[in-house]
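Visitor: with the input below, show me the fold.
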Amino acid sequence: FRRVLFRSKKKESGRYKWDGFKLKIPVFGPIFRMIAVARLTRTLSTLLSSGVGLLASLEIVRNILSNAVLEKTIDNVRDAVREGENIATPLKRSGEFPPMVTHMVAIGEQTGELEPMLGRIANAYETQVQTKIGMLTSILEPIMILAMGGSVAMIVFAILTPIMQMSQIAS
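Guide: Numbering: from 1, shown residues only. Next up is the predicted model:
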């Protein structure tokens, strides 16, 4: 199974399916998406503030994403911007980005304050990621303690059962 999975991830279609699956996993999918959005908006904000052109910035941002689904979305956004569209419309059309992101990008474009707005989006999503990971860790600790206690109980039971059986045979 692992070999098939690794081989399919090397192909573009397999990588696209796997990355799409990762974004849909119930608990971790939203976290993966938030991390990608935070990375994308932080990098795009930094590049635009530094004077890099929008199309070049989108190309760079596409290359730092580690998700084929989001990379394709950024390709579509770059093509739409090249044709004269704004950034928010193709982002919204893709359905891959949360409505808050597309709305804030649209407001940033309309007001001419896109770079600070992207920074605010990145800050918000980084905070959300830290909060969710903190919650998952706090939930995971008791589960790990119970699992360790169960495994210790099984080991003790496995050792004591033969001892008890031998003592019954001896008596």
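
Visitor: what sits against the most centrally placed residue in the chain?
Guide: The chain has Phe32 as the residue nearest its centroid, 1.0 Å off, counting by CA atoms, centre = their mean. With contact taken as CB atoms under 8 Å, 6 or more residues apart in numbering, Phe32 is in contact with Lys22, Leu23, Ile25, Asn67. C-beta coordinates here come from the backbone N, C-alpha and C atoms, glycine included.

Visitor: from Asp75, how far off is it?
Guide: Summarising the geometry, the distance separating Phe32 from Asp75, computed by CB to CB, to the nearest Å, is 19 Å.

Visitor: in this structure, which spans are helices?
Guide: If DSSP state H is used as the criterion, the helices of the chain fall at 2-10, 12-24, 28-49, 54-64, 68-82, 88-94, 99-111, 114-170.

Visitor: name the residue most distant from the centre of the protein?
Guide: Checked against the centre of the chain - CA atoms, centre = their mean - the farthest residue is Ser171, lying 62.5 Å away.

Visitor: follow-up on the earlier one: weakest of the helices of the chain by average pLDDT?
Guide: Per-stretch averages of pLDDT across these put helix 2-10 at the bottom, with a mean of 62.

Visitor: hang on, isn't Asn86 packed against Glu109?
Guide: Yes: in this structure, Asn86 is within contact of Glu109 by CB atoms under 8 Å, at 5.2 Å.

Visitor: residues contacting the closest residue to Leu114 other than its chain neighbours?
Guide: Counting by CB to CB, 6 or more residues apart in numbering, Leu114 lies nearest to Gly108, which is 4.0 Å off, once chain neighbours are set aside. If a contact means CB under 8 Å, 6+ apart, then Gly108 has Leu114, Glu115, Pro116, Met117, Leu118 as its contacts.
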